[in-house]
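Peer 1: Fold the following, please.
(one chain, ligands or ions: 1)
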Amino acid sequence: MESGRSGPAEGLRGLPAVHRLLGHPAVRAAAAGPAAGWATAVVREVLEDERRRRWQGEEPRTADELAALAARQLQALTRPSLRPVINATGVVLHTNLGRAPLAREAVEAAAAVAAGYSTLEYDTGSGGRGSRLEHVRHLLRRLTGAEDALVVNNNAAAVFLVLAALASGREVVVSRGQLVEIGGSFRIPEILAASGARLVEVGTTNKTRLSDYEAAIGPDTALLLRVHTSNYRIIGFTASVPLSDLVALGRRHALPVVDDLGSGLLLPPAGPEAAGLASEPAVRDSVAQGADLVTFSGDKLLGGPQAGIIAGRADLIARLRRHPLMRALRCDKLVLAALEATLRLYLDPEAARRQVPVLAMLSRSPEELARAARRLATRLRRALGPRARIRLAAGESQAGGGSLPEVPWPTTLVGIEAPGLPAAALAAALRQGEPPVVARVQDQVLWFDPRTLLPGDERVLVDTVVAALDRLGPGA
Ligand SMILES: *Cc1c(COP(=O)(O)O)cnc(C)c1O
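Peer 2: Here you go, the predicted structure:
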């Protein structure tokens, strides 16, 4: 470090000593408890970073600021990062908020196997080794109508396993209208490339005909892949090939037809509002129309834990089960327990619509949602008095998770406006709540959609709003 220049070297001299920061009240408070043993390391890191910053000529931070930084890092060690939030957005399958909330039965099943040993790979009849795939196999066969089924980590893994096991080094024919990207990282061309299969695109973005598929089939063709365009629709002058025609073509050429359904509806929600679901392909229909394999998510419209389900022909499922990737993509016991319990609810459609939260939320009638909105509005008015203006408005919820992009789900929204406080500032304050409340901002108003509020959320939401307005000060 050369001398003669002030600036950086000058700044370095003012750096507080480690013991001084450790003795700072903010750091001492944060280091009480389980993070105590980590305080020195955290303080050293903060000082190291500050030394580098000063050397680069950045504005020096005060000892108080450095102590606050270290305290925040220590608190972050002990405070849960992955924690519950209240979803007041009305987006039922909100991928960033963890997609499907689980049914109580699923939570209990996961908890029951979590804390102890289980029959994960144990056959109680023989006392020997069993298969973790057995637990959901029989339920999936009944519920989908398929010969056999298996489960992996998510639907992306399901598609990947199918392609790697059945098409590696060979060609897969896909319509140009179905080369989807879902959620920013699942892209059909990339998954295909990663699996070792070669993509053969047919047709155009808006029109693909059976003859296009037929012309693309050659000696290297391994399978025909259909992908549900979950998160968008091509409208106007369009043509796509019905699954049954694709299946007939596959049969003529002895090629498996794989149908990536994405959401994979097992059972439509109740009521006329669910009519929009007609555009969402049901797993059972796809199997019945002869798809050799169908792939779908466990945590989209099915309403279970994150998982990817593959259902279809027994001989193909057997090949997937034997593939080395199966070991890398398999799910753990908590997921399998939750999935099994969720699927069991589907044995009784009425029970499923009541008890699988995703189905229950999408089955809620506009009248019921209007009542819930009025109840929430009353509670907010009572708790906030003149500090905020509460109003109701007709609006729409969304299925989310890349499902049913064009289907409106009518709801009643509860709007909140606090004088002198921009809606975005209130939204930010609610996100900092305990628990965080996530809502929608539209037309300078913050809106809550009661559709995605779970039992017990309403009271907590009201408390969080009160606390946020208290924090924002008397002006609010
Ligand atoms: C959502 C989706 C996927 C990815 O499923 P994950 O369970 O999120 O991995 C794949 N294909 C389609 C058509 C989808 O909609």
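Peer 1: Can you tell me how far whichever residue of the stretch 151-300 of the chain sits closest to the ligand is from His24?
Peer 2: When distances are taken as Cβ to the nearest ligand atom, the stretch 151-300 of the chain approaches the ligand most closely through Gly262, which lies 2.2 Å from it. Every C-beta, even on glycine, is put in place using the N, C-alpha and C of the backbone. Distance check for Gly262 against His24: by Cβ to Cβ, to the nearest Å, it reads 52 Å.
Peer 1: Please name the nearest non-neighbouring residue to the residue of the stretch 151-300 of the chain closest to the ligand.
Peer 2: Distance criterion Cβ to Cβ, 6 or more residues apart in numbering; nearest residue to Gly262, sequence neighbours excluded, is Ser230 at 3.8 Å.
Peer 1: And for Gln444?
Peer 2: Beyond its immediate neighbours in the sequence, the residue positioned closest to Gln444 (Cβ to Cβ, 6+ apart) is Ala423, lying 5.2 Å away.
Peer 1: How about the residues of this structure by the ligand?
Peer 2: Contact residues (Cβ under 6 Å from any ligand atom) of the chain with the ligand: 154-156, 159, 180, 182-183, 186, 227-228, 230, 260, 262-263, 297, 308, 402.
Peer 1: The same query, at a cut-off of 8 Å, please.
Peer 2: Residues of the chain lying close to the ligand by Cβ under 8 Å from any ligand atom are 95, 153-159, 180, 182-183, 186, 188, 227-231, 260-263, 295-300, 306-308, 401-403.
Peer 1: I'd guessed Lys196 sits against Leu166; true?
Peer 2: Let me fix one detail, which is that residue 196 is Gly and not Lys. No: with contact taken as Cβ atoms under 8 Å, Gly196 and Leu166 are classed as non-touching, separated by 10.8 Å.
Peer 1: quick one: which of these two has more around it?
Peer 2: Between Gly196 and Leu166, counted using other Cβ atoms under 10 Å, Leu166 has the larger neighbour count: 22 against 12.
Peer 1: Next up, the contacts around the residue nearest to Gln444.
Peer 2: With contacts defined as Cβ atoms under 8 Å, 6 or more residues apart in numbering, the neighbours of Ala423 are 417, 441, 444-446.
Peer 1: these two touch, right, His24 and Leu69?
Peer 2: No: under the criterion of Cβ under 8 Å, His24 lies out of contact with Leu69, with a separation of 10.8 Å.
Peer 1: just so I have it, where are all the helices in the stretch 251-400 of the chain?
Peer 2: Under the criterion DSSP state H, counting those that start in this stretch, the stretch 251-400 of the chain carries helices at the ranges 283-288, 314-322, 325-329, 333-345, 349-355, 357-363, 366-384.
Peer 1: Quick check: Arg99 is in a helix.
Peer 2: No: per DSSP: H, G, I helix; E, B strand; the rest coil, Arg99 lies outside any helix segment and is coil.
Peer 1: hang on, it packs against Ala307?
Peer 2: No: with contact defined as Cβ under 8 Å, Arg99 and Ala307 do not form a contacting pair (10.9 Å).
Peer 1: any common contacting residues for those two?
Peer 2: With Cβ under 8 Å, 6+ apart applied, the overlap between the contact sets of Arg99 and Ala307 consists of Asp299.
Peer 1: More neighbours: which of those two?
Peer 2: Each of Arg99 and Ala307 has its neighbours counted (other Cβ under 10 Å); Ala307 has more, 24 against 20.
Peer 1: For the stretch 51-200 of the chain, which segments count as strands?
Peer 2: Listed in chain order, the strands found in the stretch 51-200 of the chain under DSSP state E, counting those that start in this stretch are 86-87, 91-93, 122-123, 128-129, 148-152, 171-175, 181-182, 186-187, 198-202.
Peer 1: And the fifth one, what does it pack against?
Peer 2: Applying 3 or more Cβ pairs under 8 Å, 6 or more residues apart in numbering; DSSP states H and E, we find strand 148-152 packed against helix 134-144, strand 308-312, helix 314-322, helix 325-329, helix 333-345.
Peer 1: Other residues contacting the last one?
Peer 2: Yep, that's helix 333-345 we're talking about. Residues external to helix 333-345 that are found in contact with it (Cβ under 8 Å, 6+ apart): 102-103, 105-110, 112-114, 118, 120, 132, 135-136, 139-140, 143, 151, 298, 302-307, 331, 351-352, 355-356.
Peer 1: Go through stretch 207-226 and flag the buried ones.
Peer 2: Under the neighbour-count criterion of 16 or more other Cβ atoms under 10 Å, stretch 207-226 has 208-210, 212-213, 216-217, 221-226 buried.
Peer 1: which two of those lie the greatest distance from each other?
Peer 2: Distances among those were taken as Cβ to Cβ; the most separated pair is Arg209 and Ala222, at 21.4 Å.
Peer 1: what domains does the record give for the chain?
Peer 2: Split into domains by automatic domain parsing, the chain comes to 8-78, 86-93+362-471, 104-355.
Peer 1: Can you pull out the low-pLDDT segments for the protein?
Peer 2: The model of the chain has pLDDT under 70 over residues 1-12, 184, 271-279, 402-405, 474-476.
Peer 1: I'd like to know which elements the longest strand seen in it is packed against.
Peer 2: Using DSSP state E to define each element, the chain has its longest strand at strand 389-400. Applying 3+ Cβ pairs under 8 Å, 6+ apart, we find strand 389-400 packed against strand 91-93, helix 366-384, strand 409-417.
Peer 1: Let me have these in JSON lines, adding mean neighbour count and distance to Gly14 as columns.
Peer 2: JSON lines is the format used below for the helices and strands packed on strand 389-400 (neighbours: other Cβ atoms under 10 Å; distance: least, Cβ to Cβ, whole Å):
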{"stretch": "strand 91-93", "mean neighbour count": "26", "distance to Gly14": "50"}
{"stretch": "helix 366-384", "mean neighbour count": "17", "distance to Gly14": "47"}
{"stretch": "strand 409-417", "mean neighbour count": "23", "distance to Gly14": "47"}
